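[1] no sequence on hand, only this structure:
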């Protein structure tokens with residue numbers, strides 16, 4: 001533990017003690033470590049433990065609140081500097097094909113530029129993503145050909161009643177993160193500070209590697225839906241990357 005405590009002083013994070021599982025508690029081992037330092041080093045270490053630095057902003061600040069929930073191997077690599085926090089968007093594009101249920105992430109999916117950036121409905125090894133918000137957009141491809149889908153232009157779901165009045169849910173490891181929520185949350189026309197098709201979560205949720213991701217869109221009807229309709233969903237936030 002003492003090696004990790006040494007990294008504490010150099011950590012870039014606002015609350016690195018949570019990566020060590022200390023949660024602000026000064027235990028016997030920590031006291032021994034502090035007492036072995038010279039006065040300047042001790043003061044620097046204590047400032048990391050008891051003080052709040054200039055707070056992080058946006059989804060990074062949200063992510064840091066979830067340090068305690070991170071798997072051990074990700075916590076250790078963040079402390080060692082092998083992983084860092086960065087903006088990230090996990091996306092998937094799927095044709096509707098006249099279905100009332102559209103599964104945006106599936107176990108048979110393969111990562112492919114222009115279609116999706118994860119495989120098997122799982123994040124890459126050592127990645128944890130704090131989902132701060134979600135994008136949902138729609139478009140009409142020239143055909144069901146893969147290359148035609150890859151060049152689809154996307155816009156708001158507001159003009160397609162079946163999409164706008166549908167519902168979605170997000171699960172990770174079979175647990176509900178967002179449950180049966182109206183797609184009308186993605187209609188952002190008239191809100192100048194909100195990107196097109198973006199829904200900011202009031203309760204961000206953490207997903208980590210080796211966990212199945214499920215995002216299902218349920219439509220009450222396919223009336224008015226073009227046969228070549230395509231939907232794009234993006235999970236946006238802060239993630240751990242090398």
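    Yes, it's here. Keep in mind that what you see is a predicted model, and the values were worked out from it rather than measured.
[2] just the strands in the protein please.
    Counting by DSSP state E, one finds strands in the chain at the ranges 84-95, 101-103, 128-140, 167-172, 175-182, 198-208, 213-218, 229-241.
[3] select, out of the ones you listed, the one closest to residue 150.
    strand 84-95 (7.9 Å; CB to CB). For every residue, glycine as well, the C-beta is placed using N, CA and C.
[4] need the contact partners of that closest one.
    Residues from elsewhere that reach strand 84-95 (CB atoms under 8 Å, 6 or more residues apart in numbering): 59-60, 63, 78, 102-105, 109, 114-118, 123, 129, 135, 141, 144, 149-150, 152, 213, 215, 228-242.
[5] now swap in stretch 227-234 and tell me
    89-96, 98, 102, 104, 134-144, 148-149, 152, 154, 157, 160, 163, 168, 215, 217.
[6] for it, buried residues please.
    228, 229, 230, 231, 232, 233, 234 (16 or more other CB atoms under 10 Å).
[7] look up how far residue 129 lies from the first one.
    Plainly put, residue 228 is 30 Å away from residue 129 if you go by CB to CB, to the nearest Å.
[8] neighbours around residue 160, how many?
    21 (other CB atoms under 10 Å).
[9] quick one: contacts for the residue nearest to residue 74 when sequence neighbours are not counted?
    Of all residues not flanking residue 74 in the chain, residue 128 sits nearest, at 5.3 Å (CB to CB, 6 or more residues apart in numbering). Going by CB under 8 Å, 6+ apart, residue 128 touches 70, 71, 74, 206, 207, 208, 209, 239, 240.
[10] got the strands of the chain as CSV, with distance to residue 191 columns?
    Output for the strands of the chain, formatted as CSV (distance: least, CB to CB, whole Å):
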stretch, distance to residue 191
strand 84-95, 20
strand 101-103, 25
strand 128-140, 13
strand 167-172, 19
strand 175-182, 16
strand 198-208, 9
strand 213-218, 22
strand 229-241, 16
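[11] need these in TSV (columns: distance to residue 38 and mean pLDDT).
    Shown next, in TSV, are these (distance: least, CB to CB, whole Å; pLDDT from 0 to 100):
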stretch	distance to residue 38	mean pLDDT
strand 84-95	29	97
strand 101-103	58	98
strand 128-140	36	97
strand 167-172	46	97
strand 175-182	47	94
strand 198-208	38	95
strand 213-218	48	98
strand 229-241	33	97
